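3D, please:
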Amino acid sequence: MKNNMRLLNQVALVTGANSGIGKAIAIELGKQGAKVGINFVSHPEAADEVVKTIVSYGGQAIKLYADVSNEEDVEAMFTALISKFGGIDILVNNAGLQQDAAFQDMTLAQWKLVIDVNLTGQFLCSRAAVREFLKNGVIAGRSKAAGKIICMSSVHEVIPWGGHVNYACSKGGVELLMKSMAQELAPHKIRVNSIGPGAIQTPINRQAWETPEALNNLMTLIPYQRIGQPEDVASLASWLASDEADYITGTTVFIDGGMTLYPGFSTNG
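Modelled structure (predicted):
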């Protein structure tokens, strides 16, 4: 490893870590010295590849199956992680999905699936992590905090999104889940923050960037005039999890090229 190892000897769990943003974050945390749990719910072979990549950098990683919306799965995942690595210092609540539909056509199943994974999943994983953080407290020489939680939110915690009501509501919920946890847990030296990505080039939003026409249309929403990469988010997550960000809790850091500046108003609307 050739990095500054800002997370040396810490244990991290990244949910939804076998592709996209989660994969990039897991690899970056591994490069920074963390032992990483790679959560997946499908495509175990992709999780194996992430583990192999981290090991190739001299790190340690383990793949961990769990549907984050299932309480028993989450508890079993944490048990396996702690059995392997002895504890947990960092949780990145990344697992999420979309089930898009016009509002009048959206089924209850589509609504529940997105809320269950994107919001309830973050609650279940955070609760399991916090129990460990409180049990272990601040460990001298490892981190200034007893634990760090990073919730993956979205620009859509503040920007309404027609046709994606379930997704936008889940991310709005993540915002107040994060802030309420941060307020309650700060006295215990547990930091909780969110990352709010804008347009990031991942499989979940392929239709927004895979053709030149689509990408050009997307640029009308991004003042900085480029689409984000998973590695952009990974660098931010690594920093937020480190002692360099020790005085930051209860906030969403948007990483969106300016999308939350509402560029449609740049010429007075």
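
who's the closest spatial neighbour of the spatially most central residue of the chain, skipping the chain neighbours?
Geometric centre of the chain, nearest residue: Asn94, 2.9 Å, by CA atoms, centre = their mean. Distance criterion CB to CB, 6 or more residues apart in numbering; nearest residue to Asn94, sequence neighbours excluded, is Gly22 at 4.0 Å. Every C-beta, even on glycine, is put in place using the N, C-alpha and C of the backbone.

tell me if the one you found really is in a helix.
Yes. The assignment for Gly22 by DSSP: H, G, I helix; E, B strand; the rest coil puts it in a helix.

show me what contacts it?
Gly22 sits next to Val14, Thr15, Gly16, Asn39, Val92, Asn94, Ala95 when contact means CB atoms under 8 Å, 6 or more residues apart in numbering.

likewise for Gly16?
Counting by CB under 8 Å, 6+ apart, Gly16 makes contact with Gly22, Asn39, Phe40, Val41, Val68, Asn94, Ala95, Gly96.

need the pLDDT of the first one.
Listed pLDDT for Gly22 reads 98.

just the fourth one next, same as before
Listed pLDDT for Val41 reads 98.

if we can go back for a sec, my guess is the residue nearest to the centre of the chain contacts Met152, does it?
Yes. Assessed by CB atoms under 8 Å, Asn94 is found in contact with Met152 at 4.5 Å.

is Ala61 bridged to anything, and to what?
Val36 (DSSP bridges).

ok, it to Lys148 distance?
As judged by CB to CB, to the nearest Å, Ala61 and Lys148 stand 18 Å apart.

how about Lys35?
Distance of Lys35 to Lys148, given as CB to CB: 15 Å.

ditto for Ala76
For Ala76, the distance to Lys148 - CB to CB - is 23 Å.

of these two, who's got more company?
Between Ala76 and Lys148, counted using other CB atoms under 10 Å, the more crowded position is Lys148 (31 against 14).

quick check: phi and psi at that one.
Torsion angles at Lys148 (phi, psi; degrees, to the nearest 10) stand at phi -130, psi 130.
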